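S.K.: need a structure here:
(4 chains)
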Amino acid sequence: MDLTYSPQEETFRAEVRAFLEAELPDHISAAVRSGVELPREIYQEWHEILGRKGWLGTTWPKEYGGPGWTPVERYIFDVECSRAYAPRIVAFGPHMLGPVIQKFGSDAQKQDILPRILSGEDWWAQGYSEPGAGSDLASLKTRAERDGDHYVVNGQKTWTTLGQHANRIFCLVRTKFDGKPQEGISFLLMDIDTPGIEVRPIRLIEGGHEVNEVFFSDVRVPVSNLVGEENKGWTIAKYLLTHERTNIAGVGISMQALEEVKALARSLKRRGKPLIEDPLFAVRIARVESDLEAMKITNLRMLFTAQKHGQPGPETSILKIKGTVINQELRDLARRALGPLAAPFPGHVIDGNLVMGPKDTDANAAVYFNNRKTSIFGGSNEIQRNILTKTMLEL
Amino acid sequence: MDLTYSPQEETFRAEVRAFLEAELPDHISAAVRSGVELPREIYQEWHEILGRKGWLGTTWPKEYGGPGWTPVERYIFDVECSRAYAPRIVAFGPHMLGPVIQKFGSDAQKQDILPRILSGEDWWAQGYSEPGAGSDLASLKTRAERDGDHYVVNGQKTWTTLGQHANRIFCLVRTKFDGKPQEGISFLLMDIDTPGIEVRPIRLIEGGHEVNEVFFSDVRVPVSNLVGEENKGWTIAKYLLTHERTNIAGVGISMQALEEVKALARSLKRRGKPLIEDPLFAVRIARVESDLEAMKITNLRMLFTAQKHGQPGPETSILKIKGTVINQELRDLARRALGPLAAPFPGHVIDGNLVMGPKDTDANAAVYFNNRKTSIFGGSNEIQRNILTKTMLEL
Amino acid sequence: MNFDLTEDRQMLSDTLRRYLSANCVIEKRNEIAYSAPFHSPQCWSEMAELGIPGALVDEAHGGYGGTGFDIAVVFEELGRALCPEPFLGTLLASRLLLAAGADQQDLIDGSVRYAVAISELDEPYDPAFMIASATRSGEGYALEGRKTAVYGGHVTDVLLVAAMLDGRPAVFSVEAKSAALTSYGMIDGGGAAEVVFDATPATLLIEDAGKALDDMFAAGRLALCAEAVGAMDVAYTLLLDYLRTRKQFGTAIGKFQALQHRAVDLLAEIEQARSITISLAAALGSDEAMPRSAMAKGLIGRVARLVAEETIQMQGGIAMTWEYASSHYAKRLVMIDHQLGDTDQCEGEIIRRYAAA
Amino acid sequence: MNFDLTEDRQMLSDTLRRYLSANCVIEKRNEIAYSAPFHSPQCWSEMAELGIPGALVDEAHGGYGGTGFDIAVVFEELGRALCPEPFLGTLLASRLLLAAGADQQDLIDGSVRYAVAISELDEPYDPAFMIASATRSGEGYALEGRKTAVYGGHVTDVLLVAAMLDGRPAVFSVEAKSAALTSYGMIDGGGAAEVVFDATPATLLIEDAGKALDDMFAAGRLALCAEAVGAMDVAYTLLLDYLRTRKQFGTAIGKFQALQHRAVDLLAEIEQARSITISLAAALGSDEAMPRSAMAKGLIGRVARLVAEETIQMQGGIAMTWEYASSHYAKRLVMIDHQLGDTDQCEGEIIRRYAAA
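M.R.: Reported below is the predicted structural model:
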C-alpha cells in the first residue's frame, strides 16, 4: 500500500494549480464562491479557457484531442478545480456525448462534433428523462418516425439541465413501437433551433432555473443525425450512463464545502463563543469530516481499481450514494450555522442593502435545498442501491 | 385535550403503589434491578403474590376473575411495576392463552384452565415459531394426526421463551395437509411432561438461557385439548397475536432505564468530570429522553383510542417499533457509559471478588445484547412495517 | 385523560381550515408569500375578524383562549396551509404583554400589528447573550443595537424589543416607524426585517424579563411545533398519494418495500412529533414549559428535517420543483428549525440542565 | 499510489489466515475464548513462531514490520477469526518499548508476554486524567493506584503501566507477579485483568510519556480498526449468505427490497470503515497519527455498532443465538468501541482540536 502520489502526479498537480492561478479569472471564481446560479457567460468563458488549454474533454484519449489523463489525474484535476472555485464543467458535451461519439459515431459525426465540444463552441443538452419515465428509460414515449431522409420527432423531455443555454441536444427517442421496450430506442442529435423544439423552464424548489422541459412537435431531423444503428440506442444509453465519472463522489467540492463550514463556524457565535466551540455543532462537523476523509480513500481505491483494470466497477454506485450524502450534510451544516441569518430569500430584499451573514453565505439555504437534487438526478440513490443489490450483493 | 389522570385513575395509581410497597419482596426487586436472568422461583413467587391479589390476569374482564381494568389502568399498573422493579408478568398464560380460552375455549377448558392461570399455578409456554417459519406461521410443519380420541404430534417448535420453566404448552399444529396453508392449522394444548416432548435450551448471544427448542415425537394428546374447531387455529393465532397488549411500548421499563442511565452518568467520570457533563454523551440522553417523553403521549393517545373504540388500532405497531428502539437505545447508553468497565463476562471472574462498575451494572453489556431481541421476537419490526404499510398507509 | 379537542377548539380548527382552504390554496399562497409585502393584508384582516388573535389570548385579557391547546390548534392549521400571515409575532407579543400586564385589545382586534425582536447577528437564540442594550434617557429609554430576522417586522406597527438593561434582559416597546428597518422576503415564504436601533426612543415594558421571555419562547416554540405538525401531515399525505399513483417499471412505486418501510418510519416519527407537541401544550404556563419546549422543538427539528428530506427523496424530481406543493412544505419544515432555537440550541438547553441538576 | 498489498504482507496475511482457518474456527474459538485462561497458550506459541509479534516491530528493533500497514494486515486477520490471543497488548507494549529505546527481543520471540495498563475506574480513555501515580523509592519507583480492563493482563509476564510522575504521565515496567491481579473473561471472549498497585516496585521506562502514549494509542486504535474491518467482512458475508438462502413466505428474504437497500448501506459503510483504516495506517508515525486515529476509531465505532445491530436484526432470531457465529461477531464489533477510546471520546478529541485551532 502506498497512498502518496507519484512524482509525476505531483508534477501534474502543480501544473494544474499553476494553470488555475494564471487562467481562472477572479470574477468567475467569485461568482462560484457566492453560491448563486451561474449565468451562461461564466460557463462559456470558462469552457473556452479550458478548451484553449485542451482540458475540456478531460476523459478523452489523446487520439481524439483529449489530454489522455489517467483516472487519478482526472481526480486531481477535479479536486484542484473545486479548490480554486472553478465552475464545474457542464458534462453533457465533454463527458457524455464526447465518449459516445468516439465509440458509436460515424467518421463524419466525429469530425463534425468532437472539435466543437473540445473548443467549447457547442453546448449540448441531454434529452433522456421524460415525464413518467425518470429512471425507467425503457418506458420512454418520445417518437421519431421516418419520413424520407428525416425523422419526425414528437414528444417531451424533462429535467434537461441547463438546456436553456444549449444550442444542441442529444435525445433518446422511440423508433420502433412493438417488441420489447428497450429494443426500439434510438440515439438522435438535434439543433435546439430546429423548428418545433421549445425549451420551457422548470423552476426548482429554491427558485432557480436550472432544468427545463423540452417539447418536440413535428421536429424534422436528418437521418444522418442518428448515432449508431436505429433501434440500438439502448446500448448507447447504458454506455453513457455507466461511463466512468471520476468525479461522481464530488470529493473536491465537499472538501471545499467543509472548509467553508469550518470558517463559518469560527466566525459565527453562539452564547458568546465561536460556534465551532459548541460541541453539539462541532461534532456534526467532526462526523462529516471523518466520513469525507474516508470517502477520499474510497474514491482513490476505486480509481486505482479502474486504472488497473481499465474500467471502474459497480462500486462507483457507492461513491454516488455516500458522496451525495456527505455533500448534502455539509450543505445542511452551512445552512444550520447561519440560524436566523439563513432566512432571507436572495433577491427579495425590499429596500436597502441587506448584509446579514458572513460573505458569500446569502445563498446557503438555497444551496442546501438545491443540493437535495444530487441524490435524485443522474440515477437516484435508490436506483444505485438496486444496481448494487444485483451487481455486488447478488441477491 | 386533557392529559391529566382522572381522580379515579390517581386513586388507582396510589393503590398499585401501596400494593407494590407492601407486597413486592425486596429480594425480588433486587434481583430484577441487577439485570441478570431471573430464576423460576422469583417469577413463580411474584406470580402467586399477584394471583392472590387477583392482579395476574390484568387484561381479563371481571366475569372471568380478572380485575376488569381499563387500558389506562393497565398502563398505570405496568408503569408502576417497572418503577418498583417488579418482574414482568410472563405473558403466555395470563395475557395470551387466557383471552384465547375466554373467546374460543369450551366450558370445560374455561373451568380447568383459567383458574390455574389466575393463581399462578400453571406456567404456560408458547409453541408458535418453527425453524424455517419465524414470522410466517402459515408454513408451519408440526403435524397432529388423529388416532382415535388422540392426536399424535410430531415436529419441532423453537424460540419457546422460558419454556424450561413451563408445565404446559399451547401449540399451533397442522391437522390438514392439503388446501391453503392457513386452513389446516389447529390450536392444541399439552402438558409438557407428556411422553415424547423434549425441551432443549437455546443459548442466546449474551450467554443466557431464555428460549428453547421443543421437540415432539409421537406425542399423544387427547382430542379434548383442542381449542376451538379443528383446522380453525389460524383465526385463534391471529386473535392472540393482535390481542391488545397495553405494554407493547415498554414505556415503564424505558422510564426506569432512563433514570438508571442518568444516575450512571452522574456517578461515572470522564476527563475529571461526571460523564453527564460530557456534551456528546449527555446529548444522547437528551435525544432519547425526548423520544421517550413523546412515546409516553403516543402510548396514552393510543390507549385513549382503544378505550374509546373498544379495541386498539394498527397504530400499536408504531408503539412496538419506536418502543423497542427507544429501549434499545437506552441499553446502548448504559453499556456505553461503562466504557472498559463493561468488558467482564458476568460469572467469568477467575479469582477474587471483582467489583468494577457501580452497583447493579455488571450485566449492562449482557442486557444490551439480550435486548436486541425485542425488535425481532413477537413480530419483528420489519413485520410491523409490513403491517402498517397495508393497514394504515394502504400502499 | 382526553385526547379529543373540546367543542370550541374543534370549531376554531374547522373555521380556520375552511377559511384557509378557500383563501390560501398553495398557488395563491405562493403568490402571497413570495411577493411584497409577503403576506396578504386582506387575509390578515379577515383572519383577525375570524378571531385568530383572540384565540391566542386568555379571557382575563380580552381573548377567549391562550392555553397551550388553543395555540396548538391555531398554528397547526396555519401549518397545514403554509399560511404566511405573521401571527407568530402576534403570539409572542401577546405573551410579553401578558407578562407586563398591558392591555391587548388592539392586538386582539387586529388593529395594531406587533412583532418581537430577539435574535442578533451574534446570538440567534439566547436572550441572555444579547448585545442590544437600553439606557435611561429623560422620561424613557434609548435603544442601541441591531436585531435580526424579526418575523413579521416588515409590516409591524409596534416592535417589542428584548435588550439589556443594567446587565439583565428587559423588554421595550418601540414604534416601528422610529427604527431603521430593512424588509425582506424569506426563502420559505413570508417576510421579516432587520432592525437597527440608534438612540431609538423606547418605552420599558418589562424590567427583569427572564421569566417573561421564557414563557414567550415556550409559547412560540409550541406554535412552531404545531405548525410543523400541520405541515408534516399535509406533506405526508402528498407523499402517500404520490406513492399510490406514480408508476415506475410498470408498478406503483408504493409497492416497493424499501419505500414502504421508509414511509412507515416517517409515520412513526410524525406521530411522535404530534405527541411531543401535545406534551408541550399541556405544560405551557407551568415551570416545566421551558424545558419541555426544548425537548419538543429539538425533536421536531430532527423530525421535520427528516420529513422534508425524505418526502423530496421518495417523490424524486417532481418534489424538487417549485410547481409541486411538496417542495414548499419541505422548505417550511426545514426553516422552522431556524426560529426560536434550533435542535442544537434546544438539546444544549437540555444538557445544561442535566449538568446543573 | 498503490492499494495492493506488498508481496511480503500478502504472504503474512495468507499465512495467518491459513493458520487461523485451521486452528481458530468459530466453535474452537468460542471454547478457547470463553474458558480460562481465555486464550490458547498453544496458539499463542505457534503464532509467535509464525512471526506475528515480529510483524509488529520494525527491522531496527529486531522485527520485520512495524508500519501501519503491517499492523493492519495482522489485526484484520485476527478480526476475521475473532482470535482471542492477546496480541493487542504485544503491540501496545512494543510501541512503548520502541519509544523507550528498550530491547524487544523477548517480545518478538514470544518468550515474554506483555500487557499495558492504562484505563482506570474514573478515567477510561485519557491518560492525562489518570490518578495512578508513582513516587521515587530508593533506586526505583513505587506505584499506587488501580488499573482496569488490562487486556491480556490475566496472562502477562510484564505490565507496562501508565502512571503520573510529578504531575505528568510516565510509563513504568512492573513484574506482573508483584501486583495484585484479578483475572476475568470478557463478554466478547478473551481475557483481561484488574490490577491494584500498593507500593508496588516499578522501573521507570519513559519519563515524559505524552508523545509515546499518543503513538501507542494511535497504533492500538489502528489495530482495533483493522480488527473491526476483518470482523465486519465476515459478519457481512454471513449476512449475505443468509439473505440468499433463508426463505420466508416462500421467497428468499434477500429478495425483499427493504433488506436489500439496508444491506447496500451496510456495504457502503464497511467500505468507508476500510478506507479510514487505510488512511490511519498511512498516517501512523506522523504528526497526523493521533488526530487521524480519532477520526478512524470514531467512525469505526459508529459503523461497527451499525453492522452488529443490523446483521442481528436482518437475520432475525438465529443471530441472537450463541450457536450461530454472527452473534459473536456482533459482540466483538460492539465491544471494540469500549477499547482505547469510544466514539464519544474520539469525536471529543476532534472537536477539542477544532476549538484549539
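
S.K.: can you tell me which helix in the chain is longest?
M.R.: Picking chain A for this. Determined from DSSP state H, the single longest helix within chain A is helix A:279-309.

S.K.: look at chain C instead
M.R.: Among the segments of chain C that qualify as a helix by DSSP H, the longest is helix C:210-245.

S.K.: Distance from stretch A:82-101 to the middle of the chain?
M.R.: Distance, stretch centre to chain centre, for stretch A:82-101: 7 Å (Cα atoms, centre = their mean, to the nearest Å).

S.K.: actually stretch C:218-225, not the one I wrote
M.R.: In terms of Cα atoms, centre = their mean, the centre of stretch C:218-225 is found 6 Å from the chain centre.

S.K.: And for stretch C:64-83?
M.R.: The answer for stretch C:64-83 is 10 Å, by Cα atoms, centre = their mean.

S.K.: so A:Leu172 touches A:Lys141, yeah?
M.R.: No. Contact criterion Cβ atoms under 8 Å: A:Leu172 and A:Lys141 do not qualify, at 10.6 Å. Placement of C-beta: from N, CA and C, glycine included.

S.K.: So the two - more neighbours on which side?
M.R.: A:Leu172 (24 against 13; other Cβ atoms under 10 Å in any protein chain shown).

S.K.: What's the mean pLDDT across the longest helix of chain A?
M.R.: Averaging pLDDT along helix A:279-309 yields 94.

S.K.: what helices or strands is that helix leaning on?
M.R.: Secondary-structure packing of helix A:279-309 (3 or more Cβ pairs under 8 Å, 6 or more residues apart in numbering or on different chains; DSSP states H and E): helix A:71-83, helix A:251-267, helix A:316-338, helix B:279-309, helix C:343-356, helix D:257-283, helix D:289-315, helix D:343-356.

S.K.: what comes up buried for it?
M.R.: Across helix A:279-309, burial judged by 16 or more other Cβ atoms under 10 Å in any protein chain shown covers A:279-306.

S.K.: Next: stretch C:175-185.
M.R.: Quick answer for stretch C:175-185 (16+ other Cβ under 10 Å): C:176, C:179, C:181-185.

S.K.: between the residues you listed, which is closest to C:Ile300?
M.R.: Proximity of the buried residues of stretch C:175-185 to C:Ile300 (Cβ to Cβ) peaks at C:Gly185, which lies at 23.9 Å.

S.K.: Restricting to C-alpha, output the one helix or strand the closest one maps to in CSV.
M.R.: Using DSSP states H and E, the element containing C:Gly185 is strand C:180-186. Output in CSV follows, covering the C-alpha atoms of strand C:180-186 (Å, rounded to 0.1, in the frame of the first residue of the first chain):
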residue,chain,number,x,y,z
ALA,C,180,-34.4,51.7,10.8
LEU,C,181,-36.0,48.7,9.2
THR,C,182,-34.8,46.6,6.2
SER,C,183,-37.6,44.3,5.0
TYR,C,184,-37.2,41.1,3.1
GLY,C,185,-39.0,38.0,2.0
MET,C,186,-37.9,34.7,3.3
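
S.K.: what angle separates whichever helix or strand comes after it from helix C:210-245?
M.R.: Heading C-terminal from strand C:180-186, the first helix or strand you meet, by DSSP H and E, is strand C:191-206. For strand C:191-206 against helix C:210-245, the angle by axes from the mean of the first three to the mean of the last three Cα atoms, to 10 degrees is 150 degrees.

S.K.: how much does strand C:191-206 deviate in direction from strand C:180-186?
M.R.: Using the same axes, to 10 degrees, strand C:191-206 lies at 130 degrees relative to strand C:180-186.

S.K.: quick one: contacts for the residue nearest in space to the middle of chain C?
M.R.: Nearest to the mean C-alpha position of chain C, counting by Cα atoms, centre = their mean, stands C:Leu224 at 3.7 Å. Residues in contact with C:Leu224 (Cβ atoms under 8 Å, 6 or more residues apart in numbering or on different chains) are C:75, C:88, C:297, C:300, C:336, C:339-340.

S.K.: all strands of the stretch 1-150 of chain A, in order?
M.R.: A:124-127, A:143-147, A:150-157 (DSSP state E, counting those that start in this stretch).

S.K.: Let me know which of these is tucked in deepest.
M.R.: Greatest average neighbour count among the strands of the stretch 1-150 of chain A goes to strand A:124-127 (a mean of 26), per mean count of other Cβ atoms under 10 Å in any protein chain shown.

S.K.: near chain C, anything from that strand?
M.R.: No. Using Cβ under 8 Å from any Cβ of the partner chain, strand A:124-127 stays clear of chain C, coming no nearer than 13.8 Å.

S.K.: Please consider this matter closed, and thank you.
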